[in-house]
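Colleague: Here is the input, now give the coordinates:
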Amino acid sequence: MTDQEKRHPADCLSDAEDAVQELRKALHRSGIVLPSLRVETDSYARAVPCPLIELGRSTVDVVRRLTAALRKDESAGTP
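Modeller: Numbers count the residues shown, from 1 in each chain. Coordinates of the predicted model:
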């Protein structure tokens, strides 16, 4: 298998970028910003499996707001 064959197809990377944007928008609606949210840089050059998403580091306040948002969705019955 060549290096090119080991790399992710463009659609796989595009899907990962779309997922990051969707999560960023959803978090923004809840007033949450993860500054380091991105597709892991190494994913663009590494072999399969699919790319990893870097959620990054966060302050305690952001983690608590994220937890509260998830609990709110859970109590509302959102899957």
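Colleague: By mean pLDDT, flag the weakest helix or strand of this protein.
Modeller: helix 3-6 (a mean of 54; mean pLDDT, DSSP states H and E).
Colleague: Residue 38 contacts residue 53, doesn't it?
Modeller: Yes. In this structure, residue 38 is within contact of residue 53 by CB atoms under 8 Å, at 7.5 Å. For the C-beta atoms, the positions are set from N, CA and C on the backbone; glycine is no exception.
Colleague: Next secondary structure after the lengthiest helix in the chain?
Modeller: For the chain, the helix reaching the highest residue count under DSSP state H is reported as helix 10-29. Going down the chain from helix 10-29, the next helix or strand is strand 38-39, by DSSP states H and E.
Colleague: gap between that following strand and the chain center?
Modeller: 6 Å (CA atoms, centre = their mean, to the nearest Å).
Colleague: Name every strand pairing with it and say which way it goes.
Modeller: Strand 38-39 sits in its sheet next to strand 53-54 (antiparallel), going by DSSP bridges.
Colleague: Lovely, talk soon.
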